[in-house]
Structures are given as structure tokens and as C-alpha cells.
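A.B. asks: got a sequence here, can you build the structure:
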Amino acid sequence: MSTDEMSGQGFGAHPSAESLVNWFTQNGGQLSPDVQIVYSDSHGFHMRAARPLSSTVVASCPLKLTLSSLNLDPEEKEMLYIESPLQRCRGKIPDHILTYLLLIEQRKRGDQSPWHAYITCLPGPESMTTPLWFDESDVAFLTGTSLAPATKERKAELQHQWENAVAVMKELGMPLADEIDLDSLLWAATIFTSRAFISTHILPERETIPILFPVVDILNHSVSTKVEWDFQPHQSFTLKCLEGESFQPGQELFNNYAPKQNDELLLGYGFCLEDNPIEQFALKLAFQPQLQQYAQQLGLLDPENVPFGMSKDFLATDPNKEQHFLRAKDHPFGRYDNHVPFFRGVPPYIIHFFFIQTIITSEVDVNTIDIARPGPRITLQVLVLLHQALEQRCSTLPLHIEKNPRNDKQKYAKIYRDSQARIIHSVRQELKDAITKLRAPNAELPIRALHSLSDVLAAFSTDLPEPAKTFSSALNKHGIQGQQNEGLEWTVLLTVLLSLMLTTQDTNDVKVFTLMHDLCSKHTLPTLEDGIEDVDTYTFVDENLGDFVHLPSADANAAPTDILDDLGMTFVNQPADSATPVFIKGRTDNLGARMIMWAMKVVEKDVVPVFEDGQIVRCLYARAQTTENGQSDETWMYE
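C.D. replies: Numbering: from 1, shown residues only. Below you'll find the predicted structure:
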């Protein structure tokens, strides 16, 4: 069925429409005398006003004129009973497929079918615009959307049902088995998805099935039309138009299928709405069984461990089956409750999924954090994981495409894919904007919180040119630059900066040290008993630190770790205004080894993969800006 385009031209009376009205009214159907069923190439058969409506009733279809699988049941006294070989298939073919087969059979019977006048006015396969009828060039407009795989799955399912139905009919020796091809089944399925109503209201005691209501189903859809559906159980279905008295001659009458998203409209009805106000972006994200089991063991799937003040309703659903929806700003359904503003376009299940990943990989005990406001480091990890996932998803669905549609299928497909692209790109942009704020440019070191290696190296070179040259020369000597060695490079750099900070007399003017102070306030100095997981990294730094930094010492041949060990023995009592990192408390044995371990821990906990300029950049989370009490400002996620 079409959307609410208003042409007003090129329509007129049609002999088949007259036959339909005669058949309908002669068999108990009611049609307003103020309306006409007309035909046009663009709209097919549809309904228009001949004059302002004198009654709200547009059409009323009695139950005995409907078409469904119930017509094959001789026990259904309220329905028109049909003698058909398909009766032998009852219980062997699903009811909805049996309904499709009945429609196909009745179409083949021509004027011998009691529904001949109705079936004649149904659109043929050449008029179908649902994705089931898309060719390769049409499907190209769905690339990157959830409808692309959904269409493939639906078509495969219908083919499977068709093959099973044909096998059953052949087993029963029915000639119809050789007369029904896949296209016939696709046609019947499309007729039912685009025109049928469910039986719930007219047959409330029965299992729900789709039913065709002739004439009532001829109206196209408009989401703004005010209509009323009046079901009289076991009797009739009446469609009422609540503003018919204002209609002008020639104005099209519409039904209202209720608000539906464009994927449902396109897949079921073959059209879309421009700027559909309720449009959302569907996501499916399944837990791997091992991850789900481990999360359950840790209590991460318990309601009390749903973070950020989010709704817990999603816990009652099957995460491997349910769809979850991204929502752009100003969505009429509202956005999702979340203490973090830039997460509010993302459904709670998706946020929770990445929260669980963060908790597990960071080895955080959920009992030690504020679940409602987990803090900056956890929030940041969730942010960058989510942003990276949406960036990858957006790469399959560009915001704009150069192709121009060449038919109605492509026109509607493009409307759908463009609206989907706008939603996911707008939500991705919100996440990117949050990261961009943390990645303020070099000139704004005091407010930047995410620092790439090049950022910190530039600040290092500006503040401490000679030590920076020594460090850079060692990088070249050992050849550890590049993405594959970023973790090692970060570890060496943090060890060097911390070593310099502890051995420099006046650190007040060295901006890069403010980052180190922030890191020292967050991460305690490890003990040797904590152990070392990455032995290769530790060994490299321990053995080669002398190439990367020269520390002041009376012994010109002393290794940096030995100098740091000696330094550690000098810390006894720190004055309140001491520049010594807060993680050093009193005498510190084996300070050199423990500083390397500290740097490795910082890299593990506070160096995060940020998607930037089409690639992953590992950035250090550290704040130079502080509040009045000297603590780093960690309110950015709630602003």
C-alpha cells in the first residue's frame, strides 16, 4: 500500500472496482454512499470522497466475506466454507502458509472463486514494492541496514515453507503442488503482510491468525488520519473516519495502521515515510555464552549492578533475541534514563554490555564502586568501546550515498536507509563529541584529559628539551615506535617522566609533571609481591632504562634503577607541600623496580583505545586541570 501522497490526478472509475462494490454490498458489506473506489497507476485501487461524509462509517465488512485459513474448516459456521483439496493439509502445513495457499488457489479459480471480484482488485507481483521483490540493484540501497539481513532471512524462511508445503501436497497427490511456484507464495505472503488484520478482536477466543477483510483493506495509510476500528466479535469489522465531514470531493481516504517504523512499513507494506517521527535504529548484540556465564557468576547481570541509573527492564528479556534501539535527540518516545548525558541515545542493554566488558577486563570488583556513578575511568572505558563499535557500524552505513533511485522500490529503500544513517551517525557524533572534549588541542593541556603519545612527547620536548632528546634517540635506537609497540612505548615514557619528576629540584613550571601527579594520585605504588604479568616489557625497561633517561648521581656508571632505589631510601616524612608523589609513603625499598611496575599498571588501566581519524589511537587518561581542593576534575561525564 502507498503512503499518503496526494496526487488528485489520474484516477477514475474502473470496471473491476464496480464489480467489487456490487459483490461486497450484495453479500452484506456496507460502503458509505459518499465514497468511491477508484484506480490510478500510482495508487492502484483506493478510496476517495465523492462529497463530505454524512456518517463516520466508511466501510463495514461482515465476517462471512473474510478470507483466511478458517474458510477451510467445516466447523466454522460464521465463515464461508470452501471445498478445497487444501483441507487435507490442515495440521500438516502451518496455518499462515495454508492461508497463503488458499489465496493462491482462489486466484487460480478465477470467476469460480467466491472472492473473484475482490482478488481481481488485488495488486499483482509487478506492483509489489516490499524487499521480497527487490532485485540486486534494489537491495544495494539497503546495504548496511538491518533490513538487508532481515529480508534475506524472511525470503529464505518463505522458500523453506514453500518447499515443505509442496512436499506435503505431493505426498497427498495434489495437482496444486505442481502449480504453485515460489513467486506465487511470495505474492500471497505480501498481500497478507500489507493488507491483513489479526483475528484477535473479531475472534477473541481463538488463536491469532491473519484475516483479509475485503474493501476495508483497500485504504492506504496515513499516520495523521483519525480513524476508529470497530470490531463486533463474530460479526463484522467497521472502519470509521472521524473527520469525514470536512472532506472535499476527490480527496483520498486513508486508514491509520498506527505509528510504525520504516523498517516495518517497508518490509510489510512496501513503502516508507519521509521523516518518520518514531524512527529508531535497531541493534542486536548477543552475549557469547562464556561471557554471559562469567558475568552471571560475578553478579553483573543482577539488577543492583545495572550502572548509570539506567532502567533494569531489559534484564527480563533474552539478550540474544531482542532488538534494542538507538534514539536520536527529541525522539517522541523520549530517550533513555542515564546519569551520563551522552549515553542517553543508547539503550540500557547495550550500555550494560560494554560496562560488563569493562569491569571484567579491568578486573574491578563491583562491590568497590558506586554503580549509579561508576566514576571517570569506567565511564571512559565504556565510552571508547561504544564509540568504536558505532564507528565500525557507521562505516557500513555512510551518511550519504551517491546513488539515485530509479524506481519506487529504490526510492523507499533510500528513504529508509537515509533515516537509519542519520540516527546512528547522530548518536555516534554525541559520543565522538564527548571524546573530542577530552582530546582538547595541545594549546589546552590544562583541560585535555586524553593524551596520545605524540601529545605527551610534544609536551615533554617543550618542557624538558634535553631529556626529551635522549628519550627520542633511544626510541630510534631500539626501534619501538609504531602501533604494535605502543604499550611498551607508553611504559618507558611514564617510567622516564616519573623518574625525572622525582629527581628534578623545581617541578612547578613543568606542565607535563601535572599529568604525572594526577596519575600518582590514582594509582598506588605496587609492591614486589604484586607480581609482574608482562615479564618481557618489564625486562626490556629494566635493562634499557639507562638509554632513555640520565638521572643525576655521584656514580656516573650507576643504572637508573639503582639511583631510584637509593632515592627511595631517602623518603621518610613528606611535608604537606611536598612535590613527591602521594603514592610514596616513607622509606620505599626497591623503588626502581616498583616504578616500572607502576608504569605498567597505569598503561593497563588508563591507556585506552580511541577511534580517531579512521584509526585506533591509544591515549592516556590523565587530568592536568584541578579543582579548588587540588583534586583532578572528574565531573566531565555528567555535564
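A.B. asks: okay, CA-based contacts and neighbour counts for the rest of this
C.D. replies: OK.
A.B. asks: residue contacts, Asp263?
C.D. replies: Going by C-alpha atoms under 8 Å, 6 or more residues apart in numbering, Asp263 touches 147, 272, 416.
A.B. asks: can I get these in a markdown table with distance to Asp542, neighbour count and secondary structure?
C.D. replies: Below are the contacts of Asp263 laid out as a markdown table (distance: C-alpha to C-alpha, whole Å; neighbours: other C-alpha atoms under 10 Å; DSSP: H, G, I helix; E, B strand; the rest coil):
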| residue | distance to Asp542 | neighbour count | secondary structure |
| --- | --- | --- | --- |
| Leu147 | 55 | 23 | helix |
| Cys272 | 64 | 25 | coil |
| Tyr416 | 58 | 27 | helix |
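A.B. asks: going by distance to Pro526, which of the residues you listed wins?
C.D. replies: Leu147 (51.8 Å; C-alpha to C-alpha).
A.B. asks: identify the residue spatially nearest to that closest one, adjacent ones excluded.
C.D. replies: Asp263 (6.6 Å; C-alpha to C-alpha, 6 or more residues apart in numbering).
A.B. asks: and the one you found, how far from Ser222?
C.D. replies: To Ser222, Asp263 is 16 Å away according to C-alpha to C-alpha, to the nearest Å.
A.B. asks: repeat for Ala50
C.D. replies: Here Ala50 is placed at a distance of 19 Å from Ser222 (C-alpha to C-alpha).
A.B. asks: what of Ile415?
C.D. replies: Applying C-alpha to C-alpha, the value for Ile415 to Ser222 is 16 Å.
A.B. asks: returning to what we had before: and the residue nearest to Leu147, that's in a helix?
C.D. replies: Yes - according to DSSP: H, G, I helix; E, B strand; the rest coil, Asp263 belongs to a helix.
A.B. asks: how about residues contacting the helix or strand where Ala599 lies?
C.D. replies: Using DSSP states H and E, Ala599 sits in helix 591-606. Applying C-alpha under 8 Å, 6+ apart, the external contacts of helix 591-606 come out as 362, 377, 487, 490-492, 494-495, 498, 519, 523-528, 532, 538, 541-542, 560-565, 567-568, 620-622.
A.B. asks: what average pLDDT does stretch 35-47 get?
C.D. replies: The average pLDDT within stretch 35-47 is 90.
A.B. asks: give me the below-cutoff pLDDT ranges for this protein.
C.D. replies: 1-10, 442-446, 507, 572-582, 585-586, 625-634 (pLDDT under 70).
A.B. asks: which residues sit in contact with Leu399?
C.D. replies: Leu399 touches 418, 421-422, 425, counting by C-alpha under 8 Å, 6+ apart.
A.B. asks: from these, which land in helices?
C.D. replies: Counted as lying in helices by DSSP state H, out of those, are 418, 421-422, 425.
A.B. asks: closest one of those to Gly29?
C.D. replies: For the ones in helices among the contacts of Leu399, the nearest to Gly29 is Asp418 (42.0 Å; C-alpha to C-alpha).
A.B. asks: mind listing what the closest one touches?
C.D. replies: Asp418 neighbours (C-alpha under 8 Å, 6+ apart): 399-400.
A.B. asks: give me that answer again for 10 Å
C.D. replies: 141-142, 145, 274-275, 397-401, 412 (C-alpha atoms under 10 Å, 6 or more residues apart in numbering).
A.B. asks: roughly how far is stretch 270-277 from the heart of the chain?
C.D. replies: 19 Å (C-alpha atoms, centre = their mean, to the nearest Å).
A.B. asks: show the end-to-end separation of that stretch, please.
C.D. replies: Using C-alpha to C-alpha, the two ends of stretch 270-277 sit 18 Å apart.
A.B. asks: buried sites along that stretch?
C.D. replies: 270-273, 276 (16 or more other C-alpha atoms under 10 Å).
A.B. asks: which residues of the stretch 51-200 of the chain fall in strands?
C.D. replies: Taking DSSP state E, counting those that start in this stretch, the strands of the stretch 51-200 of the chain run over residues 57-62, 197-198.
A.B. asks: all helices of the stretch 501-639 of the chain, in order?
C.D. replies: With DSSP state H, counting those that start in this stretch as the criterion, the stretch 501-639 of the chain has helices at 511-522, 535-548, 560-568, 591-606.
A.B. asks: let me know the angle separating the third one from helix 535-548.
C.D. replies: It refers to helix 560-568. If you take axes from the mean of the first three to the mean of the last three C-alpha atoms, to 10 degrees, helix 560-568 sits at 90 degrees to helix 535-548.
A.B. asks: hang on, Ala328 packs against Phe342?
C.D. replies: No - using C-alpha atoms under 10 Å, Ala328 is not in contact with Phe342, being 11.1 Å away.
A.B. asks: looking at the two, which one has more neighbours?
C.D. replies: Ala328 (24 against 20; other C-alpha atoms under 10 Å).
A.B. asks: wasn't that one part of a helix?
C.D. replies: No - Ala328 is assigned coil when assessed by three-state DSSP, not a helix.
A.B. asks: I'd assumed Ile278 was in contact with Arg335.
C.D. replies: No - applying C-alpha under 10 Å, one finds Arg335 not in contact with Ile278, separated by 11.7 Å.
A.B. asks: these two - which one has more neighbours?
C.D. replies: Under the criterion of other C-alpha under 10 Å, the comparison of Arg335 against Ile278 puts Arg335 first, with 17 against 14.
A.B. asks: could you measure from that one over to Thr537?
C.D. replies: Where Thr537 is concerned, Arg335 sits at a distance of 45 Å (C-alpha to C-alpha).
A.B. asks: now swap in Gly531 and tell me
C.D. replies: 13 Å.
A.B. asks: give me the more crowded residue out of the two.
C.D. replies: Neighbours per residue (other C-alpha under 10 Å) separate Gly531 from Thr537, with Thr537 holding more: 18 against 10.
A.B. asks: and that one, what is it in contact with?
C.D. replies: 487-489, 491-492, 596-597, 600.
A.B. asks: okay if I get those as a markdown table plus neighbour count and distance to Pro609?
C.D. replies: Formatted as a markdown table, the contacts of Thr537 follow (neighbours: other C-alpha atoms under 10 Å; distance: C-alpha to C-alpha, whole Å):
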| residue | neighbour count | distance to Pro609 |
| --- | --- | --- |
| Gly487 | 18 | 11 |
| Leu488 | 20 | 15 |
| Glu489 | 20 | 15 |
| Thr491 | 22 | 15 |
| Val492 | 26 | 18 |
| Ile596 | 28 | 22 |
| Met597 | 26 | 21 |
| Met600 | 23 | 16 |
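A.B. asks: now the residues you listed in JSON lines, with distance to Gly309?
C.D. replies: Shown next, in JSON lines, are the contacts of Thr537 (distance: C-alpha to C-alpha, whole Å):
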{"residue": "Gly487", "distance to Gly309": "34"}
{"residue": "Leu488", "distance to Gly309": "37"}
{"residue": "Glu489", "distance to Gly309": "38"}
{"residue": "Thr491", "distance to Gly309": "35"}
{"residue": "Val492", "distance to Gly309": "39"}
{"residue": "Ile596", "distance to Gly309": "38"}
{"residue": "Met597", "distance to Gly309": "35"}
{"residue": "Met600", "distance to Gly309": "33"}
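A.B. asks: and these, which is closest to Ala458?
C.D. replies: When the contacts of Thr537 are compared against Ala458 (criterion: C-alpha to C-alpha), the nearest one is Glu489, at 14.5 Å.
A.B. asks: what's the distance between Arg206 and Gly12?
C.D. replies: Applying C-alpha to C-alpha to Arg206 and Gly12 gives a distance of 40 Å.
A.B. asks: more neighbours: the two, which one.
C.D. replies: Gly12 (14 against 10).
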